[in-house]
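In: build me a model from this:
(3 chains)
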Amino acid sequence: ETTALAQDERWPLLLRIPVTTFGICMGLGSQTVLWKNLAQAHSMQWANIPVEISEGLWYFSAAVLFSLSLVYLLKAFLWTPYVRRESEHPVRTNFFFTPFIACLFLGIGLPPRFSHKPPYALFLVPMIPLTLLMIRRYGNWMTGSNERLSKVANPTSFLSIIPSFVGASLAVSCGWREPAVAFFAVGFTHWVVVFITLYQQLPSMTSLTDELHPVYFLFLAIPFQGSTTWRLIQGGVPDDFSKGLFWLGCFLYLILLSMARKFIGVKFSLAWWAYTFPMTAAGIASIGYANGVTTGFTQALAFALSIISSVAVVLILGMTILLTWQRKLFGNDVAI
Amino acid sequence: ETTALAQDERWPLLLRIPVTTFGICMGLGSQTVLWKNLAQAHSMQWANIPVEISEGLWYFSAAVLFSLSLVYLLKAFLWTPYVRRESEHPVRTNFFFTPFIACLFLGIGLPPRFSHKPPYALFLVPMIPLTLLMIRRYGNWMTGSNERLSKVANPTSFLSIIPSFVGASLAVSCGWREPAVAFFAVGFTHWVVVFITLYQQLPSMTSLTDELHPVYFLFLAIPFQGSTTWRLIQGGVPDDFSKGLFWLGCFLYLILLSMARKFIGVKFSLAWWAYTFPMTAAGIASIGYANGVTTGFTQALAFALSIISSVAVVLILGMTILLTWQRKLFGNDVAI
Amino acid sequence: ETTALAQDERWPLLLRIPVTTFGICMGLGSQTVLWKNLAQAHSMQWANIPVEISEGLWYFSAAVLFSLSLVYLLKAFLWTPYVRRESEHPVRTNFFFTPFIACLFLGIGLPPRFSHKPPYALFLVPMIPLTLLMIRRYGNWMTGSNERLSKVANPTSFLSIIPSFVGASLAVSCGWREPAVAFFAVGFTHWVVVFITLYQQLPSMTSLTDELHPVYFLFLAIPFQGSTTWRLIQGGVPDDFSKGLFWLGCFLYLILLSMARKFIGVKFSLAWWAYTFPMTAAGIASIGYANGVTTGFTQALAFALSIISSVAVVLILGMTILLTWQRKLFGNDVAI
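Out: Numbers count the residues shown, from 1 in each chain, chains lettered A, B, ... in the order given. Predicted coordinates:
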């Protein structure tokens, strides 16, 4: 089926806002968590970061998420067939997890002045739709009915696995250890499946367009986020499993840096927001690692990884605002 | 080679008894273990289940296994080429593990009046042929000589991995911890291999016929059985690894329930027995979990999962007897 | 591009020395470590092995490694295009890790008279090029640019993963636990990827020539080496994870023995050295296991596995010297 809209004129605004826009909310939400960690972690006391930075980020992230959700709900209401087509696109489909993941980040990053222990509702409300989405997605993979993993797997598939880890982190914060173990187990299993499938580069897999190269950074997301989540489940101090995931993330980071050529020169698009969450997860994980192994080296590493991620978020946010202003970012959405 | 027998007349009885019939013994044997657990687990004391139920089931299972083994040995003796053809069929071949697994269940479910610690022989006698079968099977996978895993893998492949877990459980009951760790490690490794291969849905894999859809439930078998086995190896209390496997099983259970459409309307056949062992393993694992985390919720979950599995076994057993009586079940075995 | 050299006359000596020759150094280096373990492990005190055997082996291994490195450096200098072609060959490329792994063995096997704790330099000097090689290799797999794992994977791919484990062992000896955990995590992850890929026997993979069958033994290398490394990281006593890897190795050993037909009658070549390191790793791991579980059976197993590996090394070394003398071993290198 071809799109009914003319290719040569500007489409209505709503149609030009793809679901990938929620990547912004993941980047901002995880930064909120990072700066809360920077303010509270004992290994970062020397830096004297005020908790107000995280608080400010929290309000900003919440506002962006709220507005974008309203906009996208409106799109789903007015242009239902286009949203359905987005939900069937092998890359786009994974971004339907992102608004709920961003909710979870707001739960984890909740300013301490509201409550030191987030209320259970903040965990339950986003986890219910996420669990349903995961059941549907993994069920399709397992039976190969609609989507065979050996065909549709791509780095954005990690987005459908990240919720388990972020949700488990929030569950620990709420004081629910058993659900945290449950989601960690489910997430870890499916991460192994997708990680190995992507590494194999099966001939049946379709390769990414150049513009999507930044999503390779999603390879970092789960090792780092998993390291943090497992550390929290074990009471806050990294054990060998948490450390192993952290170092695996660092090694994959080095691999990606060694392939800088793949990333330099890629045209700016919303896909660049895929840089932000993985880099932020690296910062958060390194702070946790430095809490357990407090040396000058680990503290410097934690500080460096955190600052790099914040600089990346600021730059990408600036570019996004600038190009939106110049009407260059939200063009016709030819993918659907 | 085509079968020498006419397609339009009824074959001799022995030829119409496929190796899949031993699925009955796995269902009955695991129920014996379940009811022994229900009678003995401290988290189930409130239900006051008498140990005699398990005892009665034990005699019944032993009788069924003994009779079927005699029948199948006779078939192997009289119709050797047909049994060989069964042993080369990509689905049937995996069922050659089932009589020995059923033996292991009888060892684990041994009525306490005989002995509180099963004798080593009950572990060794079935594990020797099972280990030889596993060495042969995994060797074929590894070198790709006869059967490439990327081609022959299907959910019944799990049947060739389950023995390691059931055997390890029995080894712990006998007081042999080191062999238990050994078989757990071997089983777990090969489970990961097969699990990932099945999830990938490689284009080279042949898909299951509708009638075989119930074998998808074998996806549940190893997470639940593995959870129980690891808990026993660790002394009886579930640690995080055992809990994780349990919750993974529960999640896969939800996935399968969400695909109810695949299972409703499937014609009754011996393949339905594939429902019974995985559901029973879920019951056993949930009792163990409730032993470690004793709350009203976990106890209710354990009770529900156990009862569901028993109801399933009773219904499927009833259907099997009824349809055998009506001469509808053991038709000509066209698969071989 | 075809080789410029005539097929029917003898090529210059340097061109006839392939990079696989370094397999000799891995076999000798690991034997040095084995005999150091035999001399020092408390479970082997009954055998009264003098530490001088390991010392003698150390000098011999170091001399062989040094000479071969000089020779190969000369080849790389004089015949650069041929070495580059070797580095692009799907099997040969993995052997470029071997000289550095052999260095690591010399570090672990360092005679106690020099130092009880190897100096950090012995860890750092080989690990820097190895890490760069790994980053490049795994990066290529991940992005599928030059080499898709689903195409190039073969048992020699394990050679590109072994350095992490051997390096982690050496790091522990030096007293650096955190880098050991880091390399173990990286190695283990990539081992799982390659192990599963090989087990699947994807249709896209090219099969090994008969002459290369001995490299199937590399399947044993990482379970055994990983068992040892994890035991050392955990302080020297095998925990369940280390034991599990050990038993997995033993099971894979049985699988390979059951396929003796694949190995008997294979023409002698340098590929036979692929037998030596995995068998030696089995010996080392079994000594560590016997340290933790000291029974007559485990001690006998450790002794048997150690002696078998040493006999294999002696026989293969003898064959190598004899056939080199008869000018039968280093023929024209038609593979490149």
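
In: need the pLDDT of the residue lying closest to residue A:141 once chain neighbours are set aside.
Out: Leaving aside its chain neighbours, residue A:141 sits nearest to residue A:149 (4.5 Å; criterion: CB to CB, 6 or more residues apart in numbering or on different chains). Where you see a C-beta, it was placed from the backbone N, CA and C, and this is true even at glycine. At residue A:149, the pLDDT value in this model is 90.

In: residue A:149 contacts residue A:197, correct?
Out: Yes. Between residue A:149 and residue A:197 there is a contact under CB atoms under 8 Å: 5.8 Å.

In: so how far is the helix ranked longest in chain A off the chain centroid?
Out: Scanning chain A for the helix with the most residues, using DSSP state H, yields helix A:296-325. Put simply, helix A:296-325 sits 15 Å off its chain's centre (CA atoms, centre = their mean, to the nearest Å).

In: anything in it near chain C?
Out: No. Using CB under 8 Å from any CB of the partner chain, helix A:296-325 stays clear of chain C, coming no nearer than 8.7 Å.

In: quick check: buried residues in that helix?
Out: Within helix A:296-325, the residues that count as buried by 16 or more other CB atoms under 10 Å in any protein chain shown are A:298-299, A:301-303, A:305-306, A:309-310, A:312-313, A:316-317, A:320.

In: now do stretch A:108-125
Out: Result for stretch A:108-125 [16+ other CB under 10 Å]: buried residues A:108-111, A:118, A:122-124.

In: now do residue A:10 against residue A:16, distance only.
Out: Separation of residue A:10 from residue A:16 (CB to CB, to the nearest Å): 8 Å.

In: returning to what we had before: and the two most separated of the buried residues of stretch A:108-125?
Out: Using CB to CB, the buried residues of stretch A:108-125 span at most 20.1 Å, a distance reached by A:111 and A:124.

In: nearest to residue B:241 among the buried residues of helix A:296-325?
Out: Minimum distance to residue B:241 across those is 27.5 Å, recorded for residue A:298 (CB to CB).

In: so who does residue A:76 touch?
Out: By CB atoms under 8 Å, 6 or more residues apart in numbering or on different chains, the contact set of residue A:76 is residue A:83.

In: tell me the angle of the helix or strand hosting it relative to helix A:296-325?
Out: If you go by DSSP states H and E, residue A:76 is part of helix A:52-78. Orientation check (axes from the mean of the first three to the mean of the last three CA atoms, to 10 degrees): helix A:52-78 against helix A:296-325 gives 40 degrees.

In: so after helix A:52-78, what's the next helix or strand?
Out: Downstream of helix A:52-78, the first helix or strand assigned by DSSP H and E is helix A:80-88.

In: and whatever helix or strand comes next after that next one, what's its mean pLDDT?
Out: Per DSSP H and E, the first helix or strand lying C-terminal to helix A:80-88 is helix A:98-108. Average pLDDT, helix A:98-108: 97.

In: so which bits of helix A:98-108 are buried?
Out: Those would be A:98-108, for helix A:98-108 by 16+ other CB under 10 Å.

In: what packs against it?
Out: Counting contacts by 3 or more CB pairs under 8 Å, 6 or more residues apart in numbering or on different chains; DSSP states H and E, helix A:98-108 packs against helix A:23-40, helix A:52-78, helix A:120-143, helix A:162-174.

In: and that helix, how far out from the chain's middle?
Out: Averaging C-alpha positions (CA atoms, centre = their mean) puts helix A:98-108 9 Å from its chain's average.

In: give me the contacts around it.
Out: Taking CB under 8 Å, 6+ apart as the rule, helix A:98-108 contacts A:19, A:22-23, A:25-26, A:28-30, A:32-33, A:36, A:58, A:61-62, A:65, A:68-69, A:72, A:118, A:122-123, A:125-127, A:129-130, A:133, A:159, A:162-163, A:166-167, A:169-170, A:173.

In: please, where are all the helices along the stretch 201-336 of chain A?
Out: Here the stretch 201-336 of chain A has its helices, by DSSP state H, counting those that start in this stretch, at A:218-233, A:240-258, A:260-263, A:276-292, A:296-325.

In: I'd like these as JSON lines, with mean pLDDT and distance to residue C:42 appended.
Out: Conversion of these to JSON lines gives the following (pLDDT from 0 to 100; distance: least, CB to CB, whole Å):
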{"stretch": "helix A:218-233", "mean pLDDT": "97", "distance to residue C:42": "35"}
{"stretch": "helix A:240-258", "mean pLDDT": "97", "distance to residue C:42": "25"}
{"stretch": "helix A:260-263", "mean pLDDT": "88", "distance to residue C:42": "51"}
{"stretch": "helix A:276-292", "mean pLDDT": "97", "distance to residue C:42": "32"}
{"stretch": "helix A:296-325", "mean pLDDT": "96", "distance to residue C:42": "35"}
